[in-house]
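Colleague: I would like the atomic coordinates for the input below:
(chains A and B)
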Number of protein chains: 2
Amino acid sequence: MNGPDGLGGISRPGRLAAPGEGITPDELALAARNHGLPLEALRYDVTPPGLHYVLVHYDIPDASADDWRLAVDGLVRTPLTLDLAALRSLPAVTRRVTLECAGNGRALLTPRPVSQPWLVEAVGTADWTGVPLRVLLDEAGVDDGAVEAVFTGADHGVERGVEQDYRRSLPVAVAAGDVLVAYAMNGAPLPPQHGYPLRLVVPGWYGMAHVKWLRGITLVDAPFDGFQQAVAYRFRWDADDPGEPVTRILPRALMIPPGFPDFMSRARVVRPGPVLLEGRAWSGYGPVTRVDVTTDDGATWSDATLDPADGDPSDGHAAAWRHWHAPWTAAPGTHVLGARATDATGRTQPLTQPWNRGGFANNLVQRIPVHCL
Amino acid sequence: MNGPDGLGGISRPGRLAAPGEGITPDELALAARNHGLPLEALRYDVTPPGLHYVLVHYDIPDASADDWRLAVDGLVRTPLTLDLAALRSLPAVTRRVTLECAGNGRALLTPRPVSQPWLVEAVGTADWTGVPLRVLLDEAGVDDGAVEAVFTGADHGVERGVEQDYRRSLPVAVAAGDVLVAYAMNGAPLPPQHGYPLRLVVPGWYGMAHVKWLRGITLVDAPFDGFQQAVAYRFRWDADDPGEPVTRILPRALMIPPGFPDFMSRARVVRPGPVLLEGRAWSGYGPVTRVDVTTDDGATWSDATLDPADGDPSDGHAAAWRHWHAPWTAAPGTHVLGARATDATGRTQPLTQPWNRGGFANNLVQRIPVHCL
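Modeller: So this is what the prediction gives:
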């Protein structure tokens, strides 16, 4: 950070941490603002306010619902400008959706991409209420030449040298599918940090697609090449690789760490005897069909019981996590617990860490060392 | 973390970071769970849900309001067991209170005490509703021999080798003063992470006194010597020093970082011209009477305008922060902004960092480098 020699002077390229390099002050500043789900909060079907993970790229905008406008423009027959009252007058739907940050797991990678330093907890589930995006697209009338819809948020900042409003796109076919323009979370107006007063919700996709503080939808005739689409959120193996886009959420199971913690190390203590292992599992590619549990650091695995999905998939709960549980009898000693989700497409979680330069879509099996005393 | 050789094996003494030692994985795990107030959220008089700072020592308990009981016992004439309905049937009061973690600022210290790594953002303001503690003490009838009330939370864990429920005490005279047993935050039931269904609120005191998941109040005839009172939360200069207790909140002003940020470094960019500098200031010792602002890293200072306190002090808003603002004309270059609060007792913020081994009550003036481009 060296002053007024252009944006480059204050905004550096992405980098990897050096071997043994501790978490940096920049990473800590992000961790102090953004936060994950405390893992014991996996106990709630719907994550209570303030426990759902939050990632804000820039600042939370100072927004007022009273004067908020959503523009739908570009390659449409009838450009629209909608206020909140207009959106609320349209038929509303509510979807229960599990949202996960694409960077979840990043801080556990070696080498570690220097960015928001998530461990495994960048997840949450909410009931989102709003207008199906296709209703707005139908009302505007999308031109045949449109290939993508570009979504613009009100959050403004600099990232890797590029000044920008946060913008992401979706192919028109995806945008016209199962996507919401949401104005309520768990039955209340969106909290500021979750996009008040409007955000996109794209069930099954990582968080970067769910544009917050949504103020514009522009239909365009070529794939969007903005920063968050063409530079960030791509699977790359070196800095020059153009990469492949990050899209849907890979399967993951998380376990509620059993017993009680040490304050500083978060090491877990359980008493000898029966312990219920439980947690949640989800995938953006299809229903989770199986969760395997290990209590010996992966040497052996056994099936967990998957509870029925919370509601029928046809009523909109297919994009939410499923609860699972498995009995365990703890014996004195140290045990490493883990759980592994598999979905209906056959996708599952890796047992050894794949790696990419942005640290995206890491779904390595969680390890929970537990001390039975 | 080395297994079943007793609690000592998983729970280590406090330590200081080595020179140049980056933030450790243990500190990151705490930062990923607990979170501060994103500084732009200083714009809200009352901090919206999920933006108020949170520090949970162990796990958030799995609590149900339906079967929650609060016991008042020890040196009382009539021990009480109260459910939520009983508490709600008593006269309720609402207090607007600014709460700050005693460890706020710790991660900026050199050497850095290894614990929850707060920068400056461990603060928030809420409207707390509940029963004055004195009403419960009067109903129970405190014996003349009682000197302290010990408050027990339902959160259980290990800390520096000591297994415990979270417990803190207050002298009887303090407990019978301006203290609430709160069951609502901003008009809604307490969120799980803020103590659902019951917590103590001790206006003007650092957060460690506001015992969450409150299940017991015990009147005792000697000063409480539990871990959180006699070992943690003390001003000490070396590990053997018995130290002095941490109590009330020292004055602090925070500024909303102006302009817009770089994602990774959080470095700020402003445009040349008029910029409104604004923020909040608070003290647990008395009303804030003055805020000074610098735009040249402390070389010169000027008075900010303090807005009237939000409500008359006599109606219960004296424990909440005050909004302040100051005009600034930004010129191209790099500037270091800061603000300094002084309260009615004459206490103010230090310009150079004092230090104590726990990293408590650090109210060094905030530094915000800003790049005017």
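Colleague: Please, where are all the helices along the stretch 1-150 of chain A?
Modeller: Counting by DSSP state H, counting those that start in this stretch, the stretch 1-150 of chain A has these helices, from start to end: A:25-33, A:84-88, A:133-140.
Colleague: Rebuild the ones you listed as CSV, extending it with mean neighbour count.
Modeller: All C-beta spots, glycine's among them, are computed from the backbone N, C-alpha and C. Shown next, in CSV, are those (neighbours: other CB atoms under 10 Å in any protein chain shown):
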stretch, mean neighbour count
helix A:25-33, 22
helix A:84-88, 15
helix A:133-140, 18
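Colleague: I'd like those as TSV, with mean pLDDT and distance to chain B appended.
Modeller: Below are the helices of the stretch 1-150 of chain A laid out as TSV (pLDDT from 0 to 100; distance: least, CB to the nearest CB, whole Å):
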stretch	mean pLDDT	distance to chain B
helix A:25-33	96	4
helix A:84-88	98	18
helix A:133-140	98	25
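Colleague: how about those in TSV, adding distance to A:Ala107?
Modeller: Formatted as TSV, these follow (distance: least, CB to CB, whole Å):
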stretch	distance to A:Ala107
helix A:25-33	8
helix A:84-88	38
helix A:133-140	33
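Colleague: Of those, which is nearest B:Ser265?
Modeller: Closest to B:Ser265 of the helices of the stretch 1-150 of chain A, according to CB to CB: helix A:25-33, at 5.3 Å.
Colleague: Skipping adjacent residues, who's closest to the residue of chain A found nearest chain B in space?
Modeller: Of all residues in chain A, A:Gly22 sits closest to chain B, at 1.6 Å by CB to the nearest CB. Leaving aside its sequence neighbours, A:Gly22 sits nearest to B:Gly22 (CB to CB, 6 or more residues apart in numbering or on different chains; 1.6 Å).
Colleague: May I have the residues that are in contact with that neighbour?
Modeller: A:21-24 (CB atoms under 8 Å, 6 or more residues apart in numbering or on different chains).
Colleague: I'd like to check what contacts the helix or strand containing A:Glu163. Which residues are they?
Modeller: Assigned by DSSP states H and E, A:Glu163 belongs to strand A:162-171. Strand A:162-171 is contacted from outside by A:7, A:11, A:57-58, A:147-158, A:179, A:202, A:208-209, A:211-213, A:220, A:223-224, A:226-229, A:231, A:233, B:269, using CB under 8 Å, 6+ apart.
Colleague: what's the angle between that strand and helix A:133-140?
Modeller: 90 degrees (axes from the mean of the first three to the mean of the last three CA atoms, to 10 degrees).
Colleague: Can you mark which positions in strand A:162-171 are buried?
Modeller: Within strand A:162-171, the residues that count as buried by 16 or more other CB atoms under 10 Å in any protein chain shown are A:164-170.
Colleague: and that strand, which strands flank it?
Modeller: strand A:148-159 (antiparallel) (DSSP bridges).
Colleague: and the spatially closest residue to A:Pro13 that is not a sequence neighbour, how many neighbours?
Modeller: Nearest residue to A:Pro13 in three dimensions, chain neighbours excluded: A:Arg160, at 5.8 Å (CB to CB, 6+ apart). Using other CB atoms under 10 Å in any protein chain shown, A:Arg160 has 17 neighbouring residues.
Colleague: List the contacts of A:Arg160.
Modeller: Counted by CB under 8 Å, 6+ apart, A:Arg160 has contacts A:11-14, A:227, A:231-232, B:263-264.
Colleague: and the residue sitting furthest away from the middle of chain A, how far is that from A:Val293?
Modeller: Distance from the C-alpha centroid of chain A, by CA atoms, centre = their mean, peaks at A:Pro332 (36.9 Å). Distance, A:Pro332 to A:Val293, by CB to CB, to the nearest Å: 20 Å.
Colleague: can you check A:Arg271 too?
Modeller: Counting by CB to CB, the gap from A:Arg271 to A:Val293 is 19 Å.
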